[in-house]
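Asker: Fold the stuff below for me.
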Amino acid sequence: MTPNPQLFRGLILISLGCLIANLGITFLVPSLIPEPLRLADENYMQSAAESGSVLYDLLQLLIIAGLLVASIAAFIGMFLFKPWARPLNVILAFSSFIIWPLLGYNLASGWSQAISDFALIILGGVIAMSYFSPISNHFDKKDD
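Answerer: Purely as a prediction, here's the structure:
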């Protein structure tokens, strides 16, 4: 099967749909995480908020907001075959190796984690296609 723009864009939309489903499962079905773990997480978050630094919390919020804006731009850029979107996606992918450890632990249900992993695998394929397949030619075209 030769990659074509429709397949490429379809994979982008599937990845985005999986990430949205992950958020939905995380926030709408909290019962997927056992109650003792949920309660321990809530207690930890409450005590961390009470004893934490406002500056550190603000820094985390700014980092997350910046990554969210950059991720949305990267998704749109890839969908529209913008040349800047490919390196932005690579930078965002590798930045997670630095950012996630700084943000601390993450409590997720098995379903949430599985969907997230699936979305990231697809996104990795999209990034690879954008560089190493005939799709890469679409990124080289100049804007009219």
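
Asker: where along this protein do the helices fall?
Answerer: 5-28, 35-51, 54-79, 85-103, 110-132, 136-140 (DSSP state H).

Asker: next one: the lowest-mean-pLDDT helix or strand in the chain to chain centre, how far?
Answerer: Lowest by mean pLDDT, DSSP states H and E among the helices and strands of the chain is helix 35-51, with a mean of 86. The chain centroid and the centroid of helix 35-51 are separated by 24 Å under C-alpha atoms, centre = their mean, to the nearest Å.

Asker: With just CA atoms, put it into PDB.
Answerer: Output in PDB follows, covering the C-alpha atoms of helix 35-51 (Å, rounded to 0.1, in the frame of the first residue of the first chain):
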ATOM      1  CA  GLU A  35     -10.700   3.400  44.800                       C
ATOM      2  CA  PRO A  36      -7.800   3.100  47.200                       C
ATOM      3  CA  LEU A  37      -5.400   4.300  44.500                       C
ATOM      4  CA  ARG A  38      -7.700   7.100  43.500                       C
ATOM      5  CA  LEU A  39      -8.100   8.200  47.100                       C
ATOM      6  CA  ALA A  40      -4.400   8.100  47.800                       C
ATOM      7  CA  ASP A  41      -3.800  10.100  44.600                       C
ATOM      8  CA  GLU A  42      -6.400  12.700  45.700                       C
ATOM      9  CA  ASN A  43      -4.900  12.900  49.200                       C
ATOM     10  CA  TYR A  44      -1.400  13.300  47.800                       C
ATOM     11  CA  MET A  45      -2.500  16.000  45.300                       C
ATOM     12  CA  GLN A  46      -4.300  17.900  48.100                       C
ATOM     13  CA  SER A  47      -1.300  17.800  50.500                       C
ATOM     14  CA  ALA A  48       1.100  18.800  47.600                       C
ATOM     15  CA  ALA A  49      -1.100  21.700  46.700                       C
ATOM     16  CA  GLU A  50      -1.200  22.900  50.400                       C
ATOM     17  CA  SER A  51       2.500  22.600  50.900                       C
END
